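Engineer: Structure for this input, please:
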Amino acid sequence: QVQLVESGGGLVQAGGSLRLSCAASGRTSSTYPMAWFRQAPGKEREFVAAITRSGGRTNYEDSVKGRFTISRDNAKNTVYLQMSSLKPEDTAVYFCAADLLYWGPDQKYNYWGQGTQVTVSS
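Structural biologist: Reported below is the predicted structural model:
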């Protein structure tokens, strides 16, 4: 079993930046592909970014390309999402997810965190 805990959310003005962290604990003897998803009020949860075990490959949803960067520190069992040039439409609860094998945009991940709120004011 793997537990995921997100942190770093908050309130920021449009154009600002935030860095989210996702710390993994439990069965972390192996690293996992990991991802970030988000869910805005009244909308379905959607893919944001994903990263492979080594961090050598990443994948982004089109609307965040060039603004968000996913990275990881396997020594700390932590994945990050650096968000820049934030827009009001980025307002959502952000979730991290992990899986033994999968790292794509679908919600096939076995493990999920509880989420952290990001609010971008105009």
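Engineer: Mind listing the residues bridging to the residue most central in space within the chain?
Structural biologist: The centroid of the chain falls nearest to Trp36 when counting by C-alpha atoms, centre = their mean (2.5 Å). Trp36 has these beta-bridge partners by DSSP bridges: Ala49, Cys96.
Engineer: give the contact list for it.
Structural biologist: Residues counted as contacts of Trp36 (C-beta atoms under 8 Å, 6 or more residues apart in numbering) are Leu20, Cys22, Val48, Ala49, Ala50, Ile70, Val79, Leu81, Tyr94, Phe95, Cys96, Ala97. Every C-beta, even on glycine, is put in place using the N, C-alpha and C of the backbone.
Engineer: burial count for the last one?
Structural biologist: Here the number of neighbours of Ala97 (other C-beta atoms under 10 Å) works out to 25.
Engineer: Same question for the fourth one.
Structural biologist: As a burial measure, Ala49 scores 24 neighbours (other C-beta under 10 Å).
Engineer: Right, I'll call it a day here.
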